[in-house]
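Peer 1: Okay, sequence plus prediction incoming.
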Amino acid sequence: MTTRELTADAMRAPGKKLINRKQLLEIVPLSERTILDMEKRGDFPRRFSITPRLVAWDLEEVERWIEARKTAAILPAAPRLQPA
């Protein structure tokens, strides 16, 4: 299972904002299946189980994931070898 329980302490954390599936898909341009696969591999923030039928993601975790992807995308490429 890829969901995790949302504790009462986590819900009371100042500034905690959760987003639902629709909001997540507006922010992250990936399919639901790709996100699920990435969650299973540990490559994407895991969803919280709010109720048996409702899940949500921590917006701050998703934003950190996006920033990490941006940083990885702008790293300089490895130098190419010049022909002798």
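Peer 2: Nice, thanks for sending it over.

Peer 1: Going by C-alpha atoms from here, please, whenever you check contacts or count neighbours.
Peer 2: OK.

Peer 1: what's around residue 47, how many residues?
Peer 2: Around residue 47 there are 22 other residues, counting by other CA atoms under 10 Å.

Peer 1: wait, doesn't it sit right on residue 55?
Peer 2: Yes. Residue 47 is within contact range of residue 55, at 6.2 Å (criterion: CA atoms under 8 Å).

Peer 1: Grab the longest helix from this protein for me.
Peer 2: What stands out as the longest helix in the chain, according to DSSP state H, is helix 59-73.

Peer 1: Give me the residues contacting that one.
Peer 2: Contact with helix 59-73 is made by 16-19, 44-45, as judged by CA atoms under 8 Å, 6 or more residues apart in numbering.

Peer 1: And those residues, which is the shakiest by pLDDT?
Peer 2: Minimum pLDDT across the contacts of helix 59-73 is recorded for residue 16, with 84.

Peer 1: what separates that residue from residue 57, distance-wise?
Peer 2: According to CA to CA, to the nearest Å, residue 16 and residue 57 sit 10 Å apart.
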